[in-house]
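> Predicted coordinates and the sequence they were generated for:
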Amino acid sequence: DAGVTQSPTHLIKTRGQQVTLRCSPKSGHDTVSWYQQALGQGPQFIFQYYEEEERQRGNFPDRFSGHQFPNYSSELNVNALLLGDSALYLCASSFRPGFNQPQHFGDGTRLSIL
Amino acid sequence: AQKVTQAQTEISVVEKEDVTLDCVYETRDTTYYLFWYKQPPSGELVFLIRRNSFDEQNEISGRYSWNFQKSTSSFNFTITASQVVDSAVYFCALNPFSGGYNKLIFGAGTRLAVHP
């Protein structure tokens, strides 16, 4: 039973570039959430996708956008990268978006901005 | 405000010592879930426990135990007879019902180092 898988594992970009991160949810899950974890801090909620729509969004600028595909996988896009976007990006999946549904996390994508 | 505070940034213990990780939360909701996650160096967040706001029973799982006290808004985590494999960053998280969907609010984490 495959868990949550994220790609790539590591990524290096320069300021101003754009990046796309990918996530495949755990088998049987249909909801994907994205979190940003800066060094030495706890993860912060970016947004959540269910039924191919963004259902909830945290306090992140419009430079952060996403997409969910019919197979429930998801992409996180970040435009006009800033140095402060350097972080570990975690994807979490659950069955349905309800607040009582446990979330399962992937290993994350470590993004470094030069 | 919805907030989780883990006041202990780093804890260092010697193997076999008991250690308690503190977690204090703030929420106006009466319905919420509390979680503990473990993050080893690989980065993955490993789920340890989930507790809903209506269940204040303490829980024990092997060497792990959790003490939930609504009166003090605390959800503390104790590892008994710590082992080197327990070394990791531990996060406490809150999922308030008013958040609607599944939106975890994490504390800043406590880094636990267990030395042989």
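The structure has been received and is ready for your questions. Numbers count the residues shown, from 1 in each chain, chains lettered A, B, ... in the order given.
> Within range of chain A, give me the residues from chain B.
Contacts of chain B with chain A, taken as C-beta under 8 Å from any C-beta of the partner chain, map to B:4, B:33, B:37, B:42-47, B:50, B:52, B:91, B:93, B:95-97, B:99-109. For glycine as for every other residue, the C-beta is placed from the backbone atoms N, C-alpha and C.
> Where does the prediction get shaky in the chain?
Picking chain A for this. Scanning chain A for pLDDT under 70 picks out A:1.
> try again with chain B
B:99-100.
> Tell me the residue of it that sits nearest chain A?
residue B:106 (3.3 Å; C-beta to the nearest C-beta).
> tell me which parts of chain A are close to chain B?
So far as C-beta under 8 Å from any C-beta goes, chain A lies against chain B at A:31, A:33, A:35, A:40-45, A:48, A:50, A:55-56, A:58, A:88, A:90, A:92, A:94, A:97-108, A:110.
> Could you report the neighbour count for residue B:34?
For residue B:34, the tally of surrounding residues (other C-beta atoms under 10 Å in any protein chain shown) stands at 24.
> so it bridges to which residues?
Beta-bridge partners for residue B:34, by DSSP bridges, are residue B:51, residue B:94.
> Number of residues surrounding residue B:21?
Neighbour count for residue B:21, taken as other C-beta under 10 Å: 22.
> looking at it, the residue of chain B closest to chain A is touching residue B:4, isn't it?
Yes - applying C-beta atoms under 8 Å as the test, residue B:106 and residue B:4 come out as touching, 6.3 Å apart.
> Skip the chain neighbours and tell me the closest residue to the spatially most central residue of chain A.
The structure's chain A has its C-alpha centroid closest to residue A:34; by C-alpha atoms, centre = their mean the separation is 3.1 Å. Distance criterion C-beta to C-beta, 6 or more residues apart in numbering or on different chains; nearest residue to residue A:34, sequence neighbours excluded, is residue A:46 at 4.2 Å.
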